[in-house]
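using only what follows, build the 3D model:
(2 chains)
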Amino acid sequence: DQQVKQNSPSLSVQEGRISILNCDYTNSMFDYFLWYKKYPAEGPTFLISISSIKDKNEDGRFTVFLNKSAKHLSLHIVPSQPGDSAVYFCAASGFSGSARQLTFGSGTQLTVLP
Amino acid sequence: EAGVTQFPSHSVIEKGQTVTLRCDPISGHDNLYWYRRVMGKEIKFLLHFVKESKQDESGMPNNRFLAERTGGTYSTLKVQPAELEDSGVYFCASSIWTGAYNEQFFGPGTRLTVL
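Take a look at the predicted model:
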């Protein structure tokens, strides 16, 4: 049973417009959320994160929003650029004893069209 | 600064054979994680080392998988004997240890194909 879900396997956006990627989670013990970006034949690279005590975190063109009551987070990219085309993974982390692991969604392939 | 490296980048083996994957974390990173992505699905946690100790191995699929991290530096993940369902991309990640959450840095992965 997936605890982190990305229901859109793909998204296409025109260059310069906003990209919105969504993620839902089920585990209330998650207290930290991250977005990773992955290019083909490379490992995921960290993009942006948010703690559960916040509802928004912004870093340049990237903003992550967290709605704890709905157990939903989203990543906004504005303006979108062709170089943003990649697979985006939502991940969540909860502190279990002394161990921390990431629970990932299945990813959303973003294509930014020039 | 060198990132997380993994070897080999690709491995094709037959069912029943043994394969050993290697991960070299970023120098100074006490945390080392193994993950696996199967058939374009989610990236799933396998296990977590803190230095040479296994902190959490709840994600290991079965006893055909053996992970080691001798000396708290590089780690190996051995699959013996390999089955068809073991095919996928195996990622290693590392992070520093402070007790709170730290960003995990991922390697490029090893693509394992079991025929």
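
which of the helices and strands in chain A ranks last by mean pLDDT?
strand A:102-104 (a mean of 92; mean pLDDT, DSSP states H and E).

how far does the next helix or strand after it sit from its chain's centre?
Moving toward the C-terminus from strand A:102-104, the next helix or strand (DSSP states H and E) is strand A:108-113. Mean-position distance between strand A:108-113 and its chain equals 13 Å (C-alpha atoms, centre = their mean, to the nearest Å).

and strand A:108-113, what's buried?
Across strand A:108-113, burial judged by 16 or more other C-beta atoms under 10 Å in any protein chain shown covers A:108, A:110, A:112. The way it works is simple: take the backbone N, C-alpha and C, and place the C-beta from them, glycine included.

ok, which residues in chain B are in contact with chain A?
Residues of chain B found near chain A (C-beta under 8 Å from any C-beta of the partner chain) are B:4, B:33, B:35, B:40-45, B:48, B:50, B:55-56, B:59, B:91, B:93, B:101, B:103-109.

could you list the low-pLDDT ranges of chain A?
Low-confidence segments of chain A (pLDDT under 70): A:95-99.

chain B now?
Chain B contains residues with pLDDT under 70 at B:1, B:98-100.

for the helix or strand that residue B:93 is a member of, packing partners?
Element membership of residue B:93 [criterion: DSSP H and E] is strand B:88-95. Where contact means 3 or more C-beta pairs under 8 Å, 6 or more residues apart in numbering or on different chains; DSSP states H and E, strand B:88-95 is packed against strand B:5-7, strand B:19-24, strand B:31-37, strand B:105-106, strand B:110-114.
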